[in-house]
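Colleague: What follows is a predicted protein model with its sequence.
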Amino acid sequence: MTTVAKGTLDVTDWAEEVTAEAEGQCKQANAHCRADFTGDLEGSGRADWLLVYTGGGQTRFVGTHRFEGKLAGRAGSFVLQTHGTYEESGVEVFWEVVAGSGSAGLAGLSGKGGYKNADYTLEYSFA
């Protein structure tokens, strides 16, 4: 049975380093941040991103995010594989739980979802 978790996240401690930049080419960067989750996911996590600034005000990125906290009263951690875009209107992220990444009470977790600006969803189930 699939259940939907909803809530908000607040990105904090953003640190970014440019890895490639040349005139006429897309800028590339690495970024690391923390996020606090409230709602059905209660906890925090660290995200690591690879970013490409494509010009025209859009940034595309891929990365991973380790969540540590509680979901449905179960405590543990899991890793999300992520990708998305950032534009002037905000950020949109798609994510999927990495198979086998759940620990402790979150072992066996699978799911997918994402967030737009600060509002997240995670459609999930336990094996």
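Modeller: Happy to help now that I have it. Predicted model only: the values in this text are computed from it and were never measured.
Colleague: Quick one: low-confidence residue ranges for the chain.
Modeller: The model of the chain has no residue with pLDDT under 70.
Colleague: helix or strand for the residue located most distally from the centre of the chain, which one?
Modeller: With distances taken as CA atoms, centre = their mean, the residue sitting farthest from the centre of the chain turns out to be Glu23, at 30.2 Å. Element membership for Glu23 (DSSP states H and E) is empty, with no helix or strand holding it.
Colleague: Look up how far Gly55 lies from it.
Modeller: When CB to CB, to the nearest Å is the yardstick, Glu23 and Gly55 sit 12 Å from each other. C-beta coordinates here come from the backbone N, C-alpha and C atoms, glycine included.
Colleague: Beta-bridge partners for Thr121, please?
Modeller: According to DSSP bridges, the residues that bridge with Thr121 are Lys6, Gly114.
Colleague: Looks like it contacts Thr2 (just checking).
Modeller: No: with the criterion set as CB atoms under 8 Å, Thr121 and Thr2 do not qualify as a contacting pair; they are 11.5 Å apart.
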